[in-house]
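Asker: let's see this in three dimensions:
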Amino acid sequence: MTDERESLLPEVLRLLPWATDTGKPCYLSPAPEGGVLTALADRVENQHLRDAAEALGEARRVLADPAAGALALRLALTACARALANALRVAHSRGLRLGAEDTGEGSGHDRQPRGT
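Answerer: Below is the predicted model of the structure:
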């Protein structure tokens, strides 16, 4: 019964762009006309994608600087890891809503990056 229920979740529920305080995924049963929580999730997804673009730009600046030290590299990599995890969660959620098959392998939507 659990496998059957879990296989229905992506078709009925929206994976939200945040997790519980224990790292578990959050889902929303969206109303056909949208709603406040749907609009908030859309805004958070868009912010995650803007953050990813910003982290990528910063990482490129650090990598282009031959004098960049270990701390600058570590900070840029940490920001990129966090942004990539969030962007993958957004991509996974949007893919589910478009009807893409969810293999559950390597999607990263249920994992939080370490050190965040």
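Asker: tell me the buried residues in the helix or strand where Ala76 lies?
Answerer: Per DSSP states H and E, Ala76 falls inside helix 70-98. For helix 70-98, burial by neighbour count (16 or more other Cβ atoms under 10 Å) applies to 72, 76, 79-80, 82-83, 85-93, 95-96. Every residue, glycine included, has its C-beta placed from N, CA and C.
Asker: for that helix, packing partners?
Answerer: strand 14-19, helix 36-64 (3 or more Cβ pairs under 8 Å, 6 or more residues apart in numbering; DSSP states H and E).
Asker: can you tell me what sits against the first one?
Answerer: Think strand 14-19. Strand 14-19 is touched from outside by 25-30, 38, 41, 44-45, 48, 86, 89-90, 92-93, 96-97, 109-110, 112, with contacts defined as Cβ atoms under 8 Å, 6 or more residues apart in numbering.
Asker: show me how far that strand is from its chain's centre.
Answerer: How far strand 14-19 lies from its chain's middle: 8 Å, per Cα atoms, centre = their mean, to the nearest Å.
Asker: parallel or antiparallel, list what pairs with that strand.
Answerer: Strands that pair with strand 14-19, judged by DSSP bridges, come out as strand 25-28 (antiparallel).
Asker: for the strand it pairs with, what is the average pLDDT?
Answerer: Strand 25-28 carries an average pLDDT of 93.
Asker: may I have that strand exported as CSV, CA atoms only?
Answerer: The C-alpha coordinates for strand 25-28 follow below in CSV (Å, rounded to 0.1, in the frame of the first residue of the first chain):
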residue,chain,number,x,y,z
PRO,A,25,9.9,17.0,1.6
CYS,A,26,6.7,19.2,1.8
TYR,A,27,3.8,18.7,-0.6
LEU,A,28,0.8,20.8,-1.5
